[in-house]
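Asks: fold the stuff below for me.
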Amino acid sequence: MSDLDAFQTRLGYQFQQPELLRLALTHSSISHAAGRPAPNNQRLEFLGDAVLQLVLTRELYDRFPDLDEGALTKSRAQLVNRRALAEQARRMGLGSGIILSRSEEANRGRERPSILANTYESVIGALFLDGGYEAARVFVLGQFSDEFSHLKPAPQLLNPKGELQELLQATETQPPQYKILAASGPAHDRAFECAVFNGGEEIGRGRGTSKKTAESAAAEAALSTLRARQAAVAATTPSPETPATEAGSTG
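Replies: Next comes the predicted model:
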């Protein structure tokens, strides 16, 4: 069995035009190494990105009929980003099939999130050209089944910073203050740690691949902390409907 045949087995799809799959796996570094234009996967990546967006958009539209446009857009953003697509590529062992130049290979291109994510989109583009929209849709939804089962579609959870701001405003306290505590990792795969403060007190901490996602993670942690506090206070506060004497009466 050839490498291409083995890869089609992992995909769960048999190409009628295997050359499309080979093209989808061919990184643009091949052109640079040749010093002249050569077929690569950039056009398929462009096409695959559009197909992926359409499949996921339609699925979100059908699954969550009560969400407005803004919430649907944020839900889709949880599914389609460089990090998420690179992880999808890793799960299916896509890195081992990418055709790279020697220099890109030496630079560990098979592990680079941007290359993995772009190649993943290229494969979807090739699937679409070979088998049509339905073949691409079945593949994408199969790949994203776990992500859909864990998706948080509630609008307030899709904007934790806004929700935290509203919660603190309701209690007439100071607005949240965010501070990036640390940044690590290479330039193409950074990790940030952020803390959020209120009135000088740290109320949440989170990590992310960008400052924005780290701030959102910190806001989610803060929301959990503040809601737990509110629940604890509510549990120890006597109900206003029950007179104190009645509450302490033995009958």
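Asks: Pro175 versus Pro113, what's the distance?
Replies: Taking C-beta to C-beta, to the nearest Å as the measure, Pro113 falls 34 Å from Pro175. Placement of C-beta: from N, CA and C, glycine included.
Asks: please apply the same query to Ala50.
Replies: Computed as C-beta to C-beta, the Ala50 to Pro175 distance reads 39 Å.
Asks: where do the helices of the protein begin and end?
Replies: Counting by DSSP state H, one finds helices in the chain at the ranges 3-11, 18-24, 29-34, 42-63, 69-79, 82-91, 102-106, 113-143, 145-150, 155-158, 160-170, 211-236, 244-248.
Asks: out of these, which is closest to Ile180?
Replies: Each of the helices of the chain has some distance to Ile180 by C-beta to C-beta; the shortest is helix 211-236, at 5.8 Å.
Asks: by contact count, what packs against that closest one?
Replies: Helices and strands touching helix 211-236, by 3 or more C-beta pairs under 8 Å, 6 or more residues apart in numbering; DSSP states H and E, are helix 160-170, strand 177-184, strand 191-198, strand 201-208.
Asks: okay, Ala50 and Pro175: which has more neighbours?
Replies: Neighbours per residue (other C-beta atoms under 10 Å) separate Ala50 from Pro175, with Ala50 holding more: 13 against 9.
Asks: relative to Arg10, how far out is the more buried one?
Replies: Taken as C-beta to C-beta, the span from Ala50 to Arg10 is 24 Å.
Asks: mind listing what the residue nearest to Leu167 when sequence neighbours are not counted touches?
Replies: Setting aside the residues directly before and after it, Leu167 is nearest to Leu226 in space (C-beta to C-beta, 6 or more residues apart in numbering), at 6.1 Å. Applying C-beta atoms under 8 Å, 6 or more residues apart in numbering, we find Leu226 in contact with 164, 167, 203.
Asks: contacts only, for Met92.
Replies: 10-11, 143.
Asks: now the residues you listed: which count as buried?
Replies: For these, a neighbour count by 16 or more other C-beta atoms under 10 Å gives the buried set as 11, 143.
Asks: which of the contacts of Met92 sits closest to Pro65?
Replies: Nearest to Pro65 among the contacts of Met92, counting by C-beta to C-beta, is Gln143 at 23.5 Å.
Asks: burial count for the spatially closest residue to that closest one that is not a sequence neighbour?
Replies: Once flanking residues are discounted, Gln143 sits nearest to Gln88: 5.5 Å by C-beta to C-beta, 6+ apart. Residues lying near Gln88 (other C-beta under 10 Å) number 21.
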